[in-house]
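**Q** okay, predicted coordinates and the sequence, questions at the end:
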Amino acid sequence: MTCQEFDWKGFALDEITAPDRRRMEEHLLTCAACGEELESIRLTMTAMKRLPAMTPPRRISFVSDPVFEPSWWQRFLSSGPRLGFASAAMLSMAIVAHGVATRPQVVNVAPAPVQQVAQQAAPQISADEIRAQVLAEVSAKLTEQEKRAEERRQADMSDVKNAFDLMHKRINTNVLSAARYGGD
């Protein structure tokens, strides 16, 4: 007999006759594949018995029931063209509201610093002297900004050095504690 002739599910559920059962038990002694199949069926049955018993629902719902119909805002949000039109309309309204709400302001254009100094200065000061004075003020401001930038850079470098020192101490502490307790 071949292994396909045996009904192992019926054997596991005790649904077969006694002579067939004896013949299947004799076959199990010689065939390992059938033994594995019977063991997997029994394992499945054990797992099924551990599941909690549940009562079936009183009413079965169908997709066509109105309970499953989405609300108006879900239908609106799921529609790409409607959502695109609504966002375009809101953007247009925002642009129009901004245009109406803001009023154009008159901007007084201040004269350039060189022209301002030239207007206030006496006629005996030449344009070259004014340019030189403005350049001196600008270079003084630049050196002041460079000093502040260098101070910030030094402070940042100090912070980085302190952070590296702290990290180095932590690493050394971890290495020592690992060596003390026999770790790697």
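**A** The structure has been received and is ready for your questions. Numbering: from 1, shown residues only.
**Q** the strand or helix carrying Ile95 - contacts with which helices or strands?
**A** In this assignment (DSSP states H and E), Ile95 forms part of helix 80-101. When contacts are defined as 3 or more Cβ pairs under 8 Å, 6 or more residues apart in numbering; DSSP states H and E, helix 80-101 sits against helix 72-78. Every C-beta, even on glycine, is put in place using the N, C-alpha and C of the backbone.
**Q** chain center to the helix it packs on: distance?
**A** Remark: helix 72-78 is offset 26 Å from the chain centroid, using Cα atoms, centre = their mean, to the nearest Å.
**Q** I'd like the mean pLDDT over that helix, please.
**A** The average pLDDT within helix 72-78 is 74.
**Q** begin at 21 from now on, thanks
**A** Shifting the count to begin at 21 puts that one at helix 92-98.
**Q** quick check: mean pLDDT of stretch 44-64?
**A** Mean predicted confidence for stretch 44-64 is 91.
**Q** ok now it, how far from the chain's centre?
**A** From the chain centre to the centre of stretch 44-64 is a distance of 50 Å (Cα atoms, centre = their mean).
**Q** alpha carbons of it, as PDB, please.
**A** Output of stretch 44-64 as PDB, limited to C-alpha atoms (Å, rounded to 0.1, in the frame of the first residue of the first chain):
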ATOM      1  CA  MET A  44      -2.400   2.200   9.800                       C
ATOM      2  CA  GLU A  45      -0.700   1.700  13.100                       C
ATOM      3  CA  GLU A  46       1.500  -1.100  11.500                       C
ATOM      4  CA  HIS A  47       2.300   1.300   8.700                       C
ATOM      5  CA  LEU A  48       3.300   4.000  11.100                       C
ATOM      6  CA  LEU A  49       6.000   1.800  12.500                       C
ATOM      7  CA  THR A  50       7.700   1.500   9.100                       C
ATOM      8  CA  CYS A  51       7.100   5.000   7.500                       C
ATOM      9  CA  ALA A  52       8.600   8.100   9.100                       C
ATOM     10  CA  ALA A  53       7.000  10.500   6.600                       C
ATOM     11  CA  CYS A  54       3.500   9.400   7.600                       C
ATOM     12  CA  GLY A  55       4.500   9.700  11.300                       C
ATOM     13  CA  GLU A  56       5.500  13.300  10.700                       C
ATOM     14  CA  GLU A  57       2.300  14.000   9.000                       C
ATOM     15  CA  LEU A  58       0.200  12.500  11.800                       C
ATOM     16  CA  GLU A  59       2.300  14.500  14.300                       C
ATOM     17  CA  SER A  60       1.700  17.800  12.500                       C
ATOM     18  CA  ILE A  61      -2.100  17.000  12.400                       C
ATOM     19  CA  ARG A  62      -2.100  16.300  16.100                       C
ATOM     20  CA  LEU A  63      -0.100  19.500  16.700                       C
ATOM     21  CA  THR A  64      -2.700  21.500  14.700                       C
END
